[in-house]
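Student: take this sequence and fold it.
(one chain, ligands or ions: 1)
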Amino acid sequence: MKKKLSILVIICVTMFKSITSNAFEQSEKYLKQIHEKVIYLTFDDGPSPHTNKVLNVLNEEGIKATFFVIGNQVETHKDIIRNLQKSGMCILPHTDTHNYRKIYKSSEDYFNDLNSCKDKIKSVTLEDSINFVRFPGGVRNELLKKDVLNDIKEKFLEDKYYFIEWNVYGLDAERVPKDSYTILNSTINQLKSTPKAIVLLHDGYGNANTANCLKEIIVKAKSLGFKFKTLEEITEKDIDYFIEKSVINKKD
Ligand SMILES: [Zn+2]
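Tutor: Okay, here's the model as predicted:
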């Protein structure tokens, strides 16, 4: 009887240890995910000849990024899209025309433009893109009226689409173009105040300065302890974090 009892105690202790160590590992994993410093580099308005340089730098540094592309330019630079895909970059729709006056007239105009962009991406990658988009000019731009925006948002919600804004911006799409030094410094300074960043940069026709300072941005961000991921690799926890911060599905 005594022997049976001690066997039972040993079994119970072993089970308890395994349950608590599992729970500990789980909570440690959870905490790690919450506190992990992550950068989601995103490039808008490509592909353009500058995308090649951006891609070379990313490959040299062994990191992946996300590209919100313009459909009309996808048609012109199919080879660049294929190279992005081969290198494991995440390719997502931005717009077909980038013509604010045309696409923000109504939600119908917006979705015609977006769907055409998605079709052009798929005709090259032969894959459907995941459910993330970025509004040209971001959600808050003067040509996107509230009623049109609300219609678009409603449809996104129905189709389980996320619209992605940013919490770090390299200042590389200003009317007066910024030099590489300014783009680098503004990006790094903003990175210092956030553990998780969706970084807005550009690889369009006018964005040579971004490509020129990208390597330094990456090297400095690495030294600050950031890991790089694409939006395809984003965790539920990070999605929640960015929704809470109004960086994904930005509130009014
Ligand atoms: Zn854009």
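Student: okay, Ile11: pLDDT?
Tutor: We note a pLDDT of 64 for Ile11 in this prediction.
Student: contacts for whichever strand or helix holds Leu200?
Tutor: Element membership for Leu200, per DSSP states H and E: strand 196-202. Residues outside strand 196-202 that contact it (CB atoms under 8 Å, 6 or more residues apart in numbering): 36-46, 164-170, 172-173, 183, 187, 190-191, 207, 210, 214, 217, 226, 238, 241-242, 247-248. For the C-beta atoms, the positions are set from N, CA and C on the backbone; glycine is no exception.
Student: which neighbouring elements make contact with the helix or strand where Leu84 lies?
Tutor: Under the criterion of DSSP H and E, Leu84 resides in helix 78-86. Packing contacts for helix 78-86, counted by 3 or more CB pairs under 8 Å, 6 or more residues apart in numbering; DSSP states H and E, involve helix 49-61, strand 90-95, helix 107-125.
Student: just the CA atoms of it, as CSV, please.
Tutor: C-alpha atoms of helix 78-86 as CSV (Å, rounded to 0.1, in the frame of the first residue of the first chain):
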residue,chain,number,x,y,z
LYS,A,78,7.5,42.1,-64.4
ASP,A,79,11.1,40.9,-64.1
ILE,A,80,11.6,43.0,-60.9
ILE,A,81,8.4,41.5,-59.4
ARG,A,82,9.7,38.0,-60.2
ASN,A,83,13.0,38.8,-58.5
LEU,A,84,11.2,40.1,-55.4
GLN,A,85,9.2,36.9,-55.3
LYS,A,86,12.3,34.7,-55.8
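Student: let me see the mean pLDDT of it.
Tutor: If you average the pLDDT over helix 78-86, you get 98.
Student: just the angle between that helix and helix 49-61, please?
Tutor: On the basis of axes from the mean of the first three to the mean of the last three CA atoms, to 10 degrees, helix 78-86 is oriented at 20 degrees to helix 49-61.
Student: which of the helices and strands packed on helix 78-86 sits most buried?
Tutor: Of all the helices and strands packed on helix 78-86, strand 90-95 carries the top mean neighbour count, a mean of 24, counting by mean count of other CB atoms under 10 Å.
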